[in-house]
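[1] A structural model of the following input is requested.
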Amino acid sequence: MKQIMNLLAILWSLFAITACGGSDDGGSGSSSPSTITITVSPESISSPATGGSYTVNVNTTGVEWGAYPDSEWIKTTVTGSNTSKGSVSVTISANTSTTQRTGTIMIQSGTGRKTINITQDAPLQVSEEKVYTSSKGETIDVEVTSSSEWTATASDSWITTKKNGSTLSITTSANDAQKERTGKVTVQTAVESKEISVVQASAEDREIVAPDGYRLVWHDEFSEGTTLNSDWTHEVQNSGWVNHELQNYRNGTADGKRVTELVDGRLHINCFKGSDGKIYSGRVYAKVKQGWTYGYIEASIKLPKGKGTWPAFWMMPVNFRSWPADGEIDIMEEVGYHPDYVSSSLHANAHVHSNGTQVTHEMYCKGAEGEFHKYAIEWTHEKITTFVDGKVQLTYANRNLGRDDWPYDDPFYVILNLAWGGDWGGAQGVDESKLPVTMEVDYVRVFQKK
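    Numbers count the residues shown, from 1 in each chain. Model prediction:
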């Protein structure tokens, strides 16, 4: 009996050894999963800056798969994700940045991964979208940035172009006409284009001397016609509109008389009493929807005489929302009860006349009333300086304290007006016996840095 029991124990041991030793994988007793492979065609996409649509074919040994872009500017739509063969429709949006950008699409099937690399070109760029040339003709260089070959074409025969590497030279011939002319140069690749506006001064500009480092970009000498051209806009408002002023602003004519007119090459802004007993005058804006950002701006002006007058040469923001948050630049103001004392002021949230914190300066200018004098501003991101006949009137530096202190980095337009009475002009009363009065402007000129 004992022998039989020993024999059974030996047989049981042999069975156990056989059962546990049936695998050669290190004792795990299970098979390794097969590796999933993924192939794609194409394996990368190069897109122009304008974007585009592409198709990527996918083959996988897995059962299900998906496509996952890493950037919002890459959109994907998957077809056949439950089969071993399918495709991905890829849409790349236009590149609105200034540099090349890259991204990826990850194809995933189980543990399998495949990356599709996306590269998109930077958009076509030009260093200047508008150039100004003198009436004598000159050459202006513009830098072109492009990931592909480009060409340049001029719209008019007086404009020629020359390509030298990434530099485009734009040359204008002499303009002997008494009128400014405009044209354009189109820079083009196979898929993109950029237009450069070319503005050439009229022959009358040859006598205008620009400050060092500046070029003339706009002006009015008031030498053509009898009324203002389309660069100007008249304000139309009734008395009391601002500052409790007494005049009514009209568009050109009131009570059969001109509130603005061109006489002997000068702009006349007339203030007079109408037959209805109302006071009429003019207030005009230059390039009100465009304006300028920075520059040297000058006007030659003869101020009127008489208690009640309040002539001004100033600027307001093109994109005006609220005052004084958006700023105001007063290049020259004067009131008749304080004759020949001209002032400059700046208004912003941090400095405004309503609480006595405005930035302002006044100086005596002999003969300001009755004689022509030059009033100007040099305006940069760093500081604003105003001048009277070349002498510094006011200087204010950008202290980098934010928009409340410096809202002067936006485009502003030029204003010329002749007010009557009001909070300042009428602070010591008005003398209607002095009416009519006229503010005369010989020219307004805008220069910007080359």
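[2] check the nearest residue to Leu435 once chain neighbours are set aside and give its pLDDT.
    Nearest residue to Leu435, sequence neighbours excluded (Cβ to Cβ, 6 or more residues apart in numbering): Lys273, at 5.0 Å. Placement of C-beta: from N, CA and C, glycine included. As predicted, Lys273 sits at a pLDDT of 97.
[3] equivalent analysis for Glu224, please.
    With respect to pLDDT, Glu224 scores 88.
[4] count the residues that sit near it.
    As a burial measure, Glu224 scores 14 neighbours (other Cβ atoms under 10 Å).
[5] how about it, phi and psi?
    The phi and psi values for Glu224, taken as degrees, to the nearest 10, are phi -120, psi 130.
[6] got the contact list for the residue nearest to Asp220 when sequence neighbours are not counted?
    The shortest distance from Asp220 to any non-neighbouring residue, by Cβ to Cβ, 6+ apart, is to Val444 (5.4 Å). By Cβ atoms under 8 Å, 6 or more residues apart in numbering, the residues touching Val444 are His219, Asp220, Ala286, Ile297, Glu298, Ala299, Val414, Leu416.
[7] so what's the last one bridging to?
    The reference is to Leu416. Val284, Phe313 (DSSP bridges).
[8] correct me, but it touches Phe313?
    Yes. Leu416 lies in contact with Phe313 (Cβ atoms under 8 Å); the separation is 5.8 Å.
[9] same drill for these two, tell me which one is more crowded.
    Phe313 (26 against 23).
[10] residue contacts, the more buried one?
    Ala299, Ile301, Ile331, Met332, Glu333, Tyr375, Val414, Ile415, Leu416.
[11] can you check Ser173 too?
    Gly137, Trp158, Thr160.
[12] this protein: helices as residue ranges?
    With DSSP state H as the criterion, the chain has helices at 2-20, 422-425.
[13] and the last one, average pLDDT?
    Put plainly, it is helix 422-425. Across helix 422-425, the average pLDDT comes to 97.
[14] packing partners of that helix?
    strand 309-317 (3 or more Cβ pairs under 8 Å, 6 or more residues apart in numbering; DSSP states H and E).
[15] Lys366 contacts Val342, doesn't it?
    No. Counting by Cβ under 8 Å, Lys366 does not reach Val342; the two are 10.7 Å apart.
[16] picking that back up, nearest to Val78 among the contacts of Phe313?
    When the contacts of Phe313 are compared for distance to Val78 (Cβ to Cβ), Val414 wins out at 58.7 Å.
[17] tell me the spatial nearest neighbour of that closest one, not counting adjacent residues.
    Using Cβ to Cβ, 6+ apart, the nearest residue to Val414 is Ala286, at 4.1 Å.
[18] count of residues packed around the one you found?
    The local packing of Ala286 (other Cβ under 10 Å) involves 23 other residues.
[19] cool, the one 4 residues further on as well?
    One way to gauge burial is a neighbour count; for Gln290, by other Cβ under 10 Å, it gives 11.
[20] Val446 is in contact with that one, correct?
    No. Shown here, Gln290 and Val446 do not form a contact pair, counting by Cβ under 8 Å, at 10.9 Å.
[21] please enumerate the strands of the stretch 351-450 of the chain.
    Taking DSSP state E, counting those that start in this stretch, the strands of the stretch 351-450 of the chain run over residues 359-364, 372-379, 383-388, 391-397, 412-420, 437-449.
[22] Arg266: which of the ones you listed is closest?
    Checking the strands of the stretch 351-450 of the chain against Arg266 by Cβ to Cβ gives strand 437-449 as the closest, at 5.1 Å.
[23] okay, now Val191: neighbour count?
    13.
[24] wait, what's in contact with it?
    Pro48, Ala49, Thr50, Ser148.
[25] repeat that with 7 Å
    With contacts taken as Cβ atoms under 7 Å, 6 or more residues apart in numbering, Val191 has the following neighbours: Pro48, Thr50.
[26] state the distance from it to Gly291.
    Using Cβ to Cβ, to the nearest Å, one gets 34 Å for the distance from Val191 to Gly291.
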